[in-house]
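Engineer: predicted model follows, preceded by the sequence.
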Amino acid sequence: MASLPPHVEDVFERSLVALFTTVNSRNEPVTHPMLPLYERGSGRIYFTSSVLFSRKLEHIKRNPKVSVLFSEREFTRCESGDAVLVKGTARVDDSDPSNGWMRFLPLWRRKEPYIDAYLKQRFAFPLFWERAVIEVRPDVVYVWRGGDLDAEPEVYDLRR
């Protein structure tokens with residue numbers, strides 16, 4: 001897979017909220033604000049989702065084509081203000097909902113340091129902590145530098 005430039009990885013790595021869109025059984029888009037987790041150089045964007053009542057997991061299993069939008073300056077710690085749209089393919093790993101997501105805990109902790117206080121209550125809210133991992137492999141990435149959506153985006157086709 002081709003690599004992304006550092007300014008795009010900055011957006012993935014530093015954003016606190018991304019708009020994650022799946023397609024439901026009626027072929028309608030369904031969007032969820034979610035915490036994106038990204039390891040620089042990995043080429044993959046990760047999310048975790050409670051397995052309880054999670055239709056998005058079923059949507060992905062039925063149709064793995066998703067989009068992820070990073071567009072709001074107030075939801076990022078990235079000074080560039082770049083807006084980024086990812087069209088990609090998602091995969092759900094729900095093979096170990098009790099512990100599979102724990103490998104992403106350091107990334108989660110960097111974005112939400114208070115997560116440790118909730119982790120201490122893990123056994124009080126067990127269903128919240130039964131989590132699937134969603135892995136998004138970007139296929140095409142559109143970048144509007146400085147968040148200028150009136151400009152032509154930079155386009156990175158990663159399918160090659």
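Structural biologist: Noted; the coordinates are in hand. Predicted, not measured: the structure shown is a model, and the values here were computed from it.
Engineer: what's the spacing between the helix or strand bottoming out on mean pLDDT in the chain and its chain's center?
Structural biologist: Across the helices and strands of the chain, mean confidence by mean pLDDT, DSSP states H and E is lowest for helix 115-119: a mean of 79. Between the centre of helix 115-119 and the centre of its chain there are 20 Å (C-alpha atoms, centre = their mean, to the nearest Å).
Engineer: find the nearest non-adjacent residue to the residue nearest to the spatial centre of the chain, please.
Structural biologist: Closest residue to the average C-alpha location of the chain: residue 36 at 3.6 Å, with C-alpha atoms, centre = their mean. Ranked by C-beta to C-beta, 6 or more residues apart in numbering and with sequence neighbours excluded, the top spatial neighbour of residue 36 is residue 18, at 4.2 Å. Heads up, the C-betas are built off the backbone N, CA and C, glycines and all.
Engineer: now do the contacts for that neighbour.
Structural biologist: 33, 34, 35, 36, 45, 47, 68, 69, 70, 75 (C-beta atoms under 8 Å, 6 or more residues apart in numbering).
Engineer: quick check: beta-bridge partners of it?
Structural biologist: Bridge pairing for residue 18 (DSSP bridges) gives the partners residue 34.
Engineer: on that earlier part again, partner strands of the following helix or strand past the least confident helix or strand of the chain and their direction?
Structural biologist: Counting by DSSP states H and E, the element after helix 115-119 in chain order, helix or strand, is strand 131-144. Here strand 131-144 is paired, per DSSP bridges, with strand 45-50 (antiparallel), strand 83-93 (antiparallel), strand 154-157 (antiparallel).
Engineer: list the buried residues of strand 131-144.
Structural biologist: Buried residues in strand 131-144, counted by 16 or more other C-beta atoms under 10 Å: 131-139, 141-144.
Engineer: and which of those residues is nearest residue 81?
Structural biologist: Among those, residue 144 lies closest to residue 81 (C-beta to C-beta), at 9.2 Å.
Engineer: nearest residue to that closest one in space, please, no chain neighbours.
Structural biologist: Using C-beta to C-beta, 6+ apart, the closest residue to residue 144 is residue 83 (4.3 Å).
Engineer: that neighbour contacts residue 150, correct?
Structural biologist: No - applying C-beta atoms under 8 Å, one finds residue 83 not in contact with residue 150, separated by 11.1 Å.
Engineer: thinking again about what came up before, buried members of the contacts of residue 18 into ChimeraX, please.
Structural biologist: Selecting only the buried entries of the contacts of residue 18 in ChimeraX, with 16+ other C-beta under 10 Å as the criterion:
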select :34,35,36,45,47,68,69,70,75
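Engineer: noted, bye for now.
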